[in-house]
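Asks: Dropping a prediction and its sequence here:
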Amino acid sequence: MPPFGEQIRALRGARGVDQATMAADLGVSAAYLSALEHGRKGAPSWDMTQKIIQYFGLIWDEAEALQLLAQLSKPRVTVETAGLDPRATRAANLLARRVGHLSSADLDALLGVLEAGDDNDDVSDQ
């Protein structure tokens with residue numbers, strides 16, 4: 001389940017809203033919402049993200065956090081390393097091959113390293 005889907009499920013649970021009800025309220029099928037939550041539909045569009053933000057009445061930091069999760073929930077990612085240090089290409093390829101085999105602790109450590117530089121990075125084009 002991608003980070004966006006995990007957060008949507010948590011928001012639904014906290015508010016006691018089932019998937020079918022939320023889907024109907026948003027004007028989408030329950031199958032689509034399920035696929036979105038489980039990462040089978042890729043990252044949601046900006047419009048869908050805004051509908052969900054409004055649906056749950058999220059403001060400020062919560063809305064911004066959900067938008068970021070949507071951007072970081074693409075299940076199929078392309079990493080462009082042309083023109084970078086050759087180690088960047090090696091790292092990207094190793095990550096692609098091994099990410100499915102990393103332990104929870106390894107994933108946490110990797111995320112810690114990668115997110116440490118996020119303060120100044122614009123991920124909107126990712």
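Replies: It's in.

Asks: For R90, the count of nearby residues, please.
Replies: 11 (other CB atoms under 10 Å). (C-beta placed from N, C-alpha, C; glycine too.)

Asks: Using the record's assignment, carve the chain into domains.
Replies: 3-71, 86-120 (automatic domain parsing).

Asks: and the end-to-end length of the longest one?
Replies: Chord length of domain 3-71, first to last residue, is 10 Å (CA to CA, to the nearest Å).

Asks: low pLDDT regions in this protein?
Replies: For the chain, the stretches with pLDDT under 70 are 75, 118-126.

Asks: And the helices in it?
Replies: Ranges of helices in the chain, per DSSP state H, are 3-15, 19-26, 30-38, 46-56, 60-71, 86-98, 104-116.

Asks: Give me the distance from the second one to the chain's centre.
Replies: In terms of CA atoms, centre = their mean, to the nearest Å, the centre of helix 19-26 is set 20 Å apart from its chain centre.

Asks: still on that earlier bit, got CSV for the helices of the chain, with distance to V79 too?
Replies: CSV is the format used below for the helices of the chain (distance: least, CB to CB, whole Å):
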stretch, distance to V79
helix 3-15, 18
helix 19-26, 32
helix 30-38, 23
helix 46-56, 22
helix 60-71, 15
helix 86-98, 4
helix 104-116, 12
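
Asks: quick revisit: need the winner for burial among the domains of the chain.
Replies: Counting by mean count of other CB atoms under 10 Å, domain 3-71 has the highest mean neighbour count of these, with a mean of 15.

Asks: Give me the distance between the nearest residue to K51 once chain neighbours are set aside and G117.
Replies: Counting by CB to CB, 6 or more residues apart in numbering, L26 is the residue found nearest to K51 once chain neighbours are left out, at 5.5 Å. Shown here: L26 relative to G117, a distance of 34 Å by CB to CB, to the nearest Å.
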